[in-house]
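>>> Next one to model:
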Amino acid sequence: QVQLVESGGGLVQAGGSLRLSCAASGRASSSYAAAWFRQAPGKEREFVAAKSWTTIRTRYADSVKGRSTISRDSAKNTVYLQMNSLKPDDTAVYYCAADPTAWDRDPSLPEAYEYWGQGTQVTVSS
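The predicted structure is shown next:
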């Protein structure tokens, strides 16, 4: 089993920045792909960003490309999502996900991930 715990969400004004963290424990492997998804009220869960755990490969949703950066600290077994120039449309619960085979399938699909965190709320005020 892999446990994922997100942190770093909160309330921020439009144009501001936040850094979300996802700490992995348990049987977390260095070969796992990791990703961030988000879900706003009344909407489906959508892809934000993904990172292959062992390489520099990354993928971003068009809605956050250029404003967000996914990174990892292998020593801390933690994945980060730095979000800048935040907009009210970025308001959602942000979830961290991990899976050993996601990058071999499609890392932008929620069904590619077995392990999920509990989510952290991000609210952007206008």
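
>>> Spatially nearest residue to the most centrally placed residue in the chain (excluding sequence neighbours)?
Relative to the mean C-alpha position of the chain, the nearest C-alpha, by Cα atoms, centre = their mean, is the one of Trp36, at 1.9 Å. In this structure, Trp36 finds its nearest non-sequential neighbour in Val48, 4.2 Å apart by Cβ to Cβ, 6 or more residues apart in numbering. All C-beta spots, glycine's among them, are computed from the backbone N, C-alpha and C.

>>> and what of Ala92?
Arg38 (3.8 Å).

>>> For that neighbour, give its distance to Gly9.
Arg38 sits at a distance of 10 Å from Gly9 (criterion: Cβ to Cβ, to the nearest Å).

>>> higher neighbour count, those two?
More neighbours surround Arg38 than the other of Arg38 and Gly9, with 24 against 17 (other Cβ atoms under 10 Å).

>>> so what strands line up beside the one helix or strand the more buried one maps to?
Per DSSP states H and E, Arg38 falls inside strand 33-39. Strand pairing for strand 33-39, using DSSP bridges, gives strand 46-51 (antiparallel), strand 92-99 (antiparallel).

>>> Just give me how far the last one sits from the chain centre.
The reference is to strand 92-99. 5 Å (Cα atoms, centre = their mean, to the nearest Å).

>>> looking only at pLDDT, what's the mean for it?
Per-residue pLDDT over strand 92-99 has a mean of 97.

>>> what's near enough to touch Glu114?
Val2, Ala98, Asp99 (Cβ atoms under 8 Å, 6 or more residues apart in numbering).

>>> Include distance to Lys43 and neighbour count when you put these into JSON lines, please.
JSON lines is the format used below for the contacts of Glu114 (distance: Cβ to Cβ, whole Å; neighbours: other Cβ atoms under 10 Å):
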{"residue": "Val2", "distance to Lys43": "26", "neighbour count": "18"}
{"residue": "Ala98", "distance to Lys43": "23", "neighbour count": "23"}
{"residue": "Asp99", "distance to Lys43": "23", "neighbour count": "22"}
